[in-house]
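K.L.:
what's the 3D shape of this:
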Amino acid sequence: MLAAVVGLQLWLTQGMTILGASSLSANDPLAHALRDADTLLRRFGLQETVEVRIEPPSDWTQLILKEGGTVVRVPDSLAAVAAVYALLEEKHGLAFVHPKHTVRATHVPSWQVLAIRPRFRYRGFHLHTQHPIELTEALHDPAFPEGEHLVREYIDWLVRNRQNYFEFCLLRTVRLSEWVPYFTQLVSYARARGVEVGLDLSLRMQQQYAFQLMPRWRAKSRALRMRLTQLKETGVSRLNVDLNAAEFVGKAWGPWIDSLLMYAQALGLKVMSRQHVVPPDAYAVGDFRPSDLPPELTICVHSVMCYGLKDTLAPVYRCKDFSHLYQTILTEHKRRRVWYYPESAYWVSFDNSVPVWLLSYLRSRLEDIALVEGLVEGHLTFSSGWDVGYWLFDWSIARWSWRYAYDGREAKPLPSDGLIRLFGWDTLYWERLVRFQDSVLVGRNVLSYITPTTPIDEISWTHLPPFQPRLPVPPWRIYRQPKRYRSLLQPHLEGMAQALASWLPWEERRLADPHLQALHDELKTAWELTKLRVGFRYYWLRALLSQRGSKVEARLIDSLEWYVDGAERLVQRLPVRYPHTIERRLCRSGARGCKHPHPSYRFGYLYPAVSLHFWRREIGQVRDGRWGVLYRNLWNIPRITGLW
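P.N.:
Down below sits the predicted model:
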């Protein structure tokens, strides 16, 4: 019996010269891609013969199916890397949904000629490692178990999804003497795979242990030059420098920005900064106006959560909407390089920490990509955790950063593209799920009624700025004066009741592929958890509005306990791909004894979700009347805000 021939054969044609794949340099990105593609094809029992023709530059890369294989026409070898993975996706159905999961999709278009083109020159992801997410310790701690493997795994995911930029938040708790050699190896691997690497840091931001280029109590000029030199040793090419002292706290650095640019340019480093979502006139101290910054500085315009640039309501960070961000893009792209910097998860006490699965991210990110294409040089996605189904958002955004034309007809992307590609079935069904949830949570602003309060809300609702969507009045006021607020909240309760009654079911399906079935079941669980959260807060608000100590209040609290029991059964079904993300207490690996982790949070980012921390705390608030910020407190506020 003859074994099946699987794997990849490749011929590289450049002019009249024909070369084999083995002729490529070991560190060439295309050579890496071909070896990776060969491994993937063998894993799935597939084979492919590819002829790569490097031809004069063109906006589009073409893949042409012919008898016996595929011809790829590309302008250069980096475009060939993207074409190889597009071939695996679009011909063989491979879907690179998660750094740990590659599956074969069931619903892939048929074609004879496929053309692909990037929407942006730079397409990448920012891992917000100020939060204790999957790779926070792996990126900071050389001794973290399998840390280098986990980071390389993520870099492979970026390349497979045709991204070419990666950055993360460097924290000032890192030991540079140990970290620089470690991270140099990771940067070298990323560059060999065609990915540019940057670092997110600050001049002197206090909160959440942000790395500071100019630490307090040191000679500024010397510290700035020394730290830039140390970071350059790693091989990074960009620094994304936060110029604020904290959120809502601006700082005028004057000539120090010119010094930063001068020193960085001398070292060959490109410098970016960001316009945060806070409107310029809403800062508690100072302000931030991009028009005041040198034109050599690239600006990343940062929107937050699941709201889009054109949404009519975005009640976060003292915003009514994000029109000021869109105006910045329209104005600044005429005088400087601009990147768009939206989020696919926020965390803290929102989205995946609650947990709820917000499909509005799919709608808003796709709409924004179409809106800013042609205006911005780069699209940088702020990612803050992949579990509870949030991997779907990162994967979808990565795919949407490219255009696809099948047999001369360009495909129109849909928010539900990822669901359709993975599970097939009726396109309208998936679109209805996304549009229904988005219309309820964002369109009707139900998000403001299901989101937990933050410590900032509880310290001072009136004087401190809001971060997340929240109730129109503090919940403790409703609890203490239910009659006064009943007429205000009753219409919203009726709307929540209608949403629960009309909540679309996630249809039960059985898939032949067990890996696809596992992904489907995870998303189904996340969908059901979100409905439970809406129901839980509906009864919680009713309990706030009931008479204290009454039988009605007691029955409503019993209903809340029932919802928590149901949510607990659901969260136990969710996969845990990185065990440290659910821990209540994290320790830094490789240190003698137990040492605190690098971020200002001492628990994994999924701990609030798997423990249903916010749900249980809210029951205690209404049952015991405990509304202080320290009641069942999860946050070390002085550490997070940078007071120590």
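
K.L.:
ok, residue 87 - how many residues close by?
P.N.:
21 (other C-beta atoms under 10 Å). Quick note: C-beta positions are derived from backbone N, CA and C, even for glycine.

K.L.:
also residue 569?
P.N.:
12.

K.L.:
tell me the contacts of the residue most central in space within the chain?
P.N.:
For the chain, the residue nearest the mean C-alpha position is residue 383 (1.9 Å; C-alpha atoms, centre = their mean). Listed by C-beta atoms under 8 Å, 6 or more residues apart in numbering, the contact partners of residue 383 are 125, 126, 127, 128, 133, 343, 344, 345, 394.

K.L.:
what's downstream of the host helix or strand of the second one, the next helix or strand?
P.N.:
When elements are assigned from DSSP states H and E, residue 126 belongs to strand 122-127. Proceeding N to C from strand 122-127, the next assigned helix or strand is helix 136-140, under DSSP H and E.

K.L.:
need the pLDDT of the residue nearest to the centre of the chain.
P.N.:
Looking at residue 383, its pLDDT reads 98.

K.L.:
now the one 3 residues further on
P.N.:
In this prediction, residue 386 carries a pLDDT score of 96.

K.L.:
also residue 45?
P.N.:
pLDDT, residue 45: 91.

K.L.:
check the gap between it and residue 104 for me.
P.N.:
Residue 45 is 10 Å from residue 104, where distance means C-beta to C-beta, to the nearest Å.

K.L.:
need the helix or strand of the protein with the lowest average pLDDT.
P.N.:
strand 17-20 (a mean of 54; mean pLDDT, DSSP states H and E).

K.L.:
residues of the helix or strand harbouring residue 486 that come out buried?
P.N.:
Following DSSP H and E, one finds residue 486 within helix 482-501. Buried residues in helix 482-501, defined by neighbour count with 16 or more other C-beta atoms under 10 Å: 482, 485, 489, 492, 493, 495, 496, 499.

K.L.:
ok, now stretch 326-334?
P.N.:
326, 328, 329, 332, 333.

K.L.:
with stretch 121-140 instead?
P.N.:
Result for stretch 121-140 [16+ other C-beta under 10 Å]: buried residues 122-140.

K.L.:
and the average pLDDT for it is what?
P.N.:
pLDDT averaged over stretch 121-140 gives 97.

K.L.:
mind checking the end-to-end distance for it?
P.N.:
28 Å (C-alpha to C-alpha, to the nearest Å).

K.L.:
48 is where my numbering starts, stick with that
P.N.:
Okay, using 48 as the starting number, the last item reads as stretch 168-187.

K.L.:
name the nearest residue to residue 450, sequence neighbours excluded.
P.N.:
residue 164 (4.7 Å; C-beta to C-beta, 6 or more residues apart in numbering).

K.L.:
burial count for that neighbour?
P.N.:
Neighbours of residue 164 (other C-beta under 10 Å): 15.

K.L.:
just confirm it is within a strand.
P.N.:
Yes. Counting by DSSP: H, G, I helix; E, B strand; the rest coil, residue 164 is found in a strand.

K.L.:
ok so, going back, any idea which helix or strand comes after the helix holding residue 533?
P.N.:
Following helix 529-548 in sequence, per DSSP H and E, is helix 561-592.

K.L.:
ok now that following helix, how far from the chain's centre?
P.N.:
Its chain's C-alpha centre and that of helix 561-592 lie 21 Å apart, by C-alpha atoms, centre = their mean, to the nearest Å.

K.L.:
check which residues of it are buried.
P.N.:
Going by 16+ other C-beta under 10 Å, helix 561-592 has these buried residues: 563, 566-592.

K.L.:
so what's the residue count around residue 633?
P.N.:
22.

K.L.:
just the pLDDT for it.
P.N.:
Taking residue 633 on its own, its pLDDT is 78.

K.L.:
which SS class is the residue nearest to it when sequence neighbours are not counted?
P.N.:
Among residues not flanking residue 633 along the chain, residue 644 sits closest, at 4.3 Å (C-beta to C-beta, 6+ apart). When classified by three-state DSSP, residue 644 comes out as coil.

K.L.:
residue 644: what's it in contact with?
P.N.:
179, 183, 184, 633, 634, 635.

K.L.:
how about these, which pair is most distant?
P.N.:
183 and 634 (13.2 Å; C-beta to C-beta).

K.L.:
re the thing from before, packing partners of the helix holding residue 533?
P.N.:
helix 522-527, helix 561-592 (3 or more C-beta pairs under 8 Å, 6 or more residues apart in numbering; DSSP states H and E).

K.L.:
which of residue 92 and residue 151 has more neighbours?
P.N.:
Ranked by neighbour count (other C-beta under 10 Å), residue 92 and residue 151 place residue 151 first, with 15 against 9.

K.L.:
how many residues are close by the closest residue to that one other than its chain neighbours?
P.N.:
Leaving aside its chain neighbours, residue 151 sits nearest to residue 140 (4.7 Å; criterion: C-beta to C-beta, 6+ apart). Neighbourhood size, residue 140 [other C-beta under 10 Å]: 17.

K.L.:
export the one helix or strand residue 134 maps to to CSV, keeping only CA atoms.
P.N.:
Here residue 134 sits within helix 124-137, counting by DSSP H and E. The C-alpha trace of helix 124-137 is given here as CSV (Å, rounded to 0.1, in the frame of the first residue of the first chain):
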residue,chain,number,x,y,z
SER,A,124,8.2,37.9,-1.5
LEU,A,125,6.3,39.4,1.4
ALA,A,126,3.2,39.5,-0.7
ALA,A,127,3.9,35.8,-1.5
VAL,A,128,3.8,35.1,2.2
ALA,A,129,0.2,36.5,2.4
ALA,A,130,-0.7,34.6,-0.7
VAL,A,131,0.4,31.3,0.7
TYR,A,132,-1.8,31.7,3.7
ALA,A,133,-4.7,33.0,1.6
LEU,A,134,-4.4,29.9,-0.5
LEU,A,135,-4.6,27.7,2.6
GLU,A,136,-7.7,29.6,3.8
GLU,A,137,-9.6,30.1,0.5
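
K.L.:
that one packs against which elements?
P.N.:
Looks like helix 124-137 contacts helix 76-90, strand 94-101, strand 108-113, strand 116-121, strand 141-145, strand 160-165, helix 194-207, strand 449-453 (3+ C-beta pairs under 8 Å, 6+ apart).
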